[in-house]
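>>> Predicted model and sequence follow; I will ask about them next.
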Amino acid sequence: MTLSSAPPLRRGSTPVPIKHQLRREEAVNDDCDWTLGLGGQSPPPISLCPAEDEFVSLAADARQGGPLSIALLGQNGVGKSSLAIAMVGEMDRTASVDSDGEGYIRTVTVDDEESTIVIYDNWRQDLSTLQCDVCVLVFSVTDRRSFHRTAQLRLLLRETQPQTPIILVGNKSDLVRSREVSAEEARSSAALFGSIYVEISASLDHRTSELLEAAVRIARGESPGPLGAGGEDGAGGGRRESLTTRAKRFLASLVPRYPRDREKEGGRFCRQKSRSCHDLGAL
Ligand SMILES: Nc1nc2c(ncn2[C@@H]2O[C@H](COP(=O)(O)OP(=O)(O)OP(=O)(O)O)[C@@H](O)[C@H]2O)c(=O)[nH]1
């Protein structure tokens, strides 16, 4: 299908190369490409990644003390490849791409312990065959639809492999003005599934190393560290909040807070505020 015959697409957050525009078209027309292979129904119609057997054997190695496997999943164009490259690092990039070009291998030292990791950024087979030590579900904070896709994916993963830990990642946090999903909403969503939420910008390499460290710890079967302890972009993990506390915090974030003494002063506070350009008559 060509771009000209495509139905009108949703607003893209960034200009994307043609290859991504074409893939995004697939994503729009095919709401849930991964579900097709589940529940004994027909297999997925396309298979762009020829490395399934290799991936499965690497994942099996991981469980026997081989490399730790980290799978990046999410809608097209959310930045999985950019994230994979950021996690692998510029220096390792050419050396570490495997023969199929779909997975990146590198060694990392986290908490003074060295681990070999394999990062897969494009799993297009039947999700039920995916075996990894940690799944990173990526969405773009500028694209609500991609956020919904991660919710679908989590349900599918919970069905097929309930034991696999999940990290929810909101990418493109640098595109502040185009944001469609708030950090608060994403944190709450992650907390519902008992996973951590990390907000990053793969392009700016912001928080990608924290994400990598958390993923490695989780893949090792350890706690995620600072991000999972309710840090700036963490949710769930070590510090559990009750639903009521979370709801209060959420409501508090919606209502502007004024210091108590200023509340008492009432009008004076308003007058002070109006000295700005809100009400020029006060001048
Ligand atoms: N502003 C901004 N753009 C980003 C960021 N991460 C990725 N992009 C852009 O988003 C577009 C898609 O990025 P990719 O890494 O190819 O996304 P993908 O999820 O691998 O896409 P597919 O390969 O189609 O599944 C590219 O134009 C990237 O430059 C980010 O953090 N900020």
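The structure has been received and is ready for your questions.

>>> Residue 123 belongs to a helix?
No - going by DSSP: H, G, I helix; E, B strand; the rest coil, the assignment for residue 123 is coil, not a helix.

>>> Would you mind confirming that it makes contact with residue 73?
Yes - counting by CB atoms under 8 Å, residue 73 is a contact partner of residue 123 at 6.0 Å. Glycine gets a C-beta too; all of them are placed from N, C-alpha and C.

>>> of these two, who's got more company?
The residue with more neighbours, out of residue 123 and residue 73, is residue 73; 27 against 23, by other CB atoms under 10 Å.

>>> Get me the contact residues on the stretch 101-250 of the chain for the ligand.
Contact residues, the stretch 101-250 of the chain versus the ligand (CB under 6 Å from any ligand atom): 121, 171-172, 174-175, 201-203.

>>> out of those residues, which is most surrounded?
In terms of neighbours by other CB under 10 Å, those top out with residue 171 at 31 neighbours.

>>> Bridged to that residue, which residues?
With DSSP bridges applied, the residues forming beta bridges to residue 171 are residue 140.

>>> Pass me the low-pLDDT residue ranges in the protein, would you?
1-65, 90-102, 124, 228-250, 252-283 (pLDDT under 70).

>>> if we go to 50?
Scanning the chain for pLDDT under 50 picks out 1-63, 94-97, 99, 101, 231, 234-240, 259-283.

>>> From residue 127, how far out is residue 159?
9 Å (CB to CB, to the nearest Å).

>>> more crowded one of these two?
residue 127 (23 against 13).

>>> Could I get the phi/psi values of that one?
Torsion angles at residue 127 (phi, psi; degrees, to the nearest 10) stand at phi -60, psi -30.

>>> what does residue 81 give?
The phi/psi pair for residue 81 (degrees, to the nearest 10) is phi -70, psi -40.

>>> Touching, it and residue 138? I think so.
No - look at residue 81 against residue 138 with CB under 8 Å: they stay out of range, at 10.2 Å.

>>> And these two? Which one has more around it.
residue 138 (30 against 16).
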